[in-house]
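J.: Mind folding the following:
(one chain, ligands or ions: 1)
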Amino acid sequence: MQSIIRIGSRESRLAVIQAEIVRQAIQKRYPDIQVELVTMKTTGDKILNKSLELIGGKGLFVKELDRALLDGRIDLAVHSLKDMPAEIPEELPVVAYSVREDPRDVLIYKPGTAEIPEGGVIGTSSRRRTLQMQTLYPSCSFQGIRGNVETRLQKLREENFDGTILAAAGLRRLGMQHVIGRVFSVEEMVPAAGQGILAIQGRKGEDYTYLAEAASERSRKEAAAEREFVAALDAGCTSPIAAHAQLCGTELKLTGLYYSEDSGKYWVETRAGAADRGRQLGAALAGEMRRRE
Ligand SMILES: NCc1[nH]cc(CCC(=O)O)c1CC(=O)O
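T.: Sure, this is the predicted structure:
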């Protein structure tokens, strides 16, 4: 085993905390190995003023780390699984999935308030969240809000927003769960595929048995079903298609959200299948929902 392990991550505070979770898990098991974080700015982080759609989508947040992994400047990269594109390069597979943090989305009210007023303005750039919020808060309007978690909370304080929606996972990892106003159930607001799970990416053909204790089989199974559902239906990174799976014993329960660009309607459905056949379950639910359109 190597004497030093370098873990790459984006520079945001949340990304560093997430990489640190993985670093500590490895360090705890292998105290004699040096485990280091290497942070880097990604194209997606540099161009915050343009919409993700214009600049080329999710992949932008991972490209620089992919390159560093290929070059051997880092040995692992830690990502929020939900930010990873459907197509992951074959040479850079996900070699472990973390235990899942709270997968739910939450609503944060403007500081000093405890509700969204009639006709209020919700800050979100996510079509998935906007679509489901229109059902929950039909009188509200929606405006884009971008940046990392801290920036969005700052915009909520200073700009004309009555609320914003974030992932509970990110807030909890940042120790900022006190800002949470309302927690949405995964049925009310189907989370993004992979939400709350950290993906640890490595190089093909290398031995990553040292990650065994940092990895969750449960997350791997849930992620397989969720990501297959999205991959089977997805038109692109800004599509509102969403999925959430829960392992219950030997069974996986998968909830999928399917959106039709033609009709502007969406459907949420749940289906169960064998725990070790997550991909088949994701594909089956996707096929079923597409036919229902
Ligand atoms: N889109 C940004 C992003 N990517 C990952 C998280 C944190 C939650 C997670 O790990 O799934 C967030 C913040 C958010 O959506 O509120």
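J.: Spell out which parts of the stretch 151-293 of the chain neighbour the ligand.
T.: For the stretch 151-293 of the chain, the residues in contact with the ligand (C-beta under 6 Å from any ligand atom) are 166-167, 169-170, 195-196. Backbone N, C-alpha and C define where each C-beta goes, glycine included.
J.: in the protein, which spans are helices?
T.: Assigned by DSSP state H, the chain shows helices spanning 13-29, 43-46, 52-55, 63-71, 127-136, 149-158, 168-173, 217-233, 278-292.
J.: hang on, isn't Arg152 packed against Phe161?
T.: No: with contact defined as C-beta atoms under 8 Å, Arg152 does not count as touching Phe161 (9.1 Å).
J.: Look up how far Phe184 lies from Val106.
T.: Between Val106 and Phe184 the computed distance is 7 Å (C-beta to C-beta, to the nearest Å).
J.: Buried residues of stretch 219-236, list them for me.
T.: 219-234 (16 or more other C-beta atoms under 10 Å).
J.: Excluding its own residues, what touches that stretch? List them.
T.: With C-beta atoms under 8 Å, 6 or more residues apart in numbering as the test, stretch 219-236 has contacts from 57, 81, 86, 96-100, 193-194, 197, 199, 239, 241-247, 252, 254, 256, 258, 261, 273, 275-276, 278-283, 285-287, 289-290.
J.: what about it, average pLDDT?
T.: Here stretch 219-236 scores 92 as its mean pLDDT.
J.: Only C-alpha atoms, please: export it in PDB.
T.: Output of stretch 219-236 as PDB, limited to C-alpha atoms (Å, rounded to 0.1, in the frame of the first residue of the first chain):
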ATOM      1  CA  SER A 219     -25.500   3.600  -0.500                       C
ATOM      2  CA  ARG A 220     -24.100   1.700  -3.500                       C
ATOM      3  CA  LYS A 221     -27.300  -0.200  -4.000                       C
ATOM      4  CA  GLU A 222     -29.500   2.900  -3.600                       C
ATOM      5  CA  ALA A 223     -27.300   4.900  -5.900                       C
ATOM      6  CA  ALA A 224     -27.400   2.200  -8.600                       C
ATOM      7  CA  ALA A 225     -31.200   2.300  -8.700                       C
ATOM      8  CA  GLU A 226     -31.500   6.100  -8.600                       C
ATOM      9  CA  ARG A 227     -28.800   6.700 -11.200                       C
ATOM     10  CA  GLU A 228     -30.100   4.100 -13.600                       C
ATOM     11  CA  PHE A 229     -33.600   5.600 -13.400                       C
ATOM     12  CA  VAL A 230     -32.200   9.100 -14.300                       C
ATOM     13  CA  ALA A 231     -29.800   7.700 -17.000                       C
ATOM     14  CA  ALA A 232     -32.700   5.900 -18.700                       C
ATOM     15  CA  LEU A 233     -34.900   9.000 -18.900                       C
ATOM     16  CA  ASP A 234     -32.500  11.900 -18.700                       C
ATOM     17  CA  ALA A 235     -32.400  14.500 -21.400                       C
ATOM     18  CA  GLY A 236     -29.500  16.300 -19.700                       C
END
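J.: Enumerate the positions of stretch 184-203 that are buried.
T.: 184, 186, 189-203.
J.: typed the wrong thing, it's stretch 284-293
T.: Of the residues in stretch 284-293, those buried (16+ other C-beta under 10 Å) are 284-286, 289.
J.: Show residues contacting that stretch.
T.: 228-229, 232-233, 254, 256, 258, 260, 262-263, 267, 269, 271, 273.
J.: what is in contact with Arg152 and Phe161 at once?
T.: What both Arg152 and Phe161 touch, as defined by C-beta under 8 Å, 6+ apart, is the set 123, 145.
J.: re the thing from before, looking at the buried residues of stretch 219-236, which is nearest Pro31?
T.: Ser219 (25.0 Å; C-beta to C-beta).
J.: Tell me the spacing between that closest one and Leu247.
T.: Taking C-beta to C-beta, one finds Ser219 at 9 Å from Leu247.
J.: How about Val78?
T.: Taking C-beta to C-beta, one finds Val78 at 22 Å from Leu247.
J.: These two: which has the busier surroundings?
T.: Val78 (27 against 19; other C-beta atoms under 10 Å).
J.: residues touching the more buried one, list them.
T.: Here Val78 is in contact with 7-9, 15, 18-19, 21-22, 198-201 (C-beta under 8 Å, 6+ apart).
J.: mind putting those in JSON lines, pLDDT included?
T.: JSON lines is the format used below for those (pLDDT from 0 to 100):
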{"residue": "Ile7", "pLDDT": "98"}
{"residue": "Gly8", "pLDDT": "97"}
{"residue": "Ser9", "pLDDT": "95"}
{"residue": "Ala15", "pLDDT": "96"}
{"residue": "Gln18", "pLDDT": "98"}
{"residue": "Ala19", "pLDDT": "98"}
{"residue": "Ile21", "pLDDT": "97"}
{"residue": "Val22", "pLDDT": "97"}
{"residue": "Leu198", "pLDDT": "98"}
{"residue": "Ala199", "pLDDT": "98"}
{"residue": "Ile200", "pLDDT": "98"}
{"residue": "Gln201", "pLDDT": "97"}
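J.: Alright, I will stop here.
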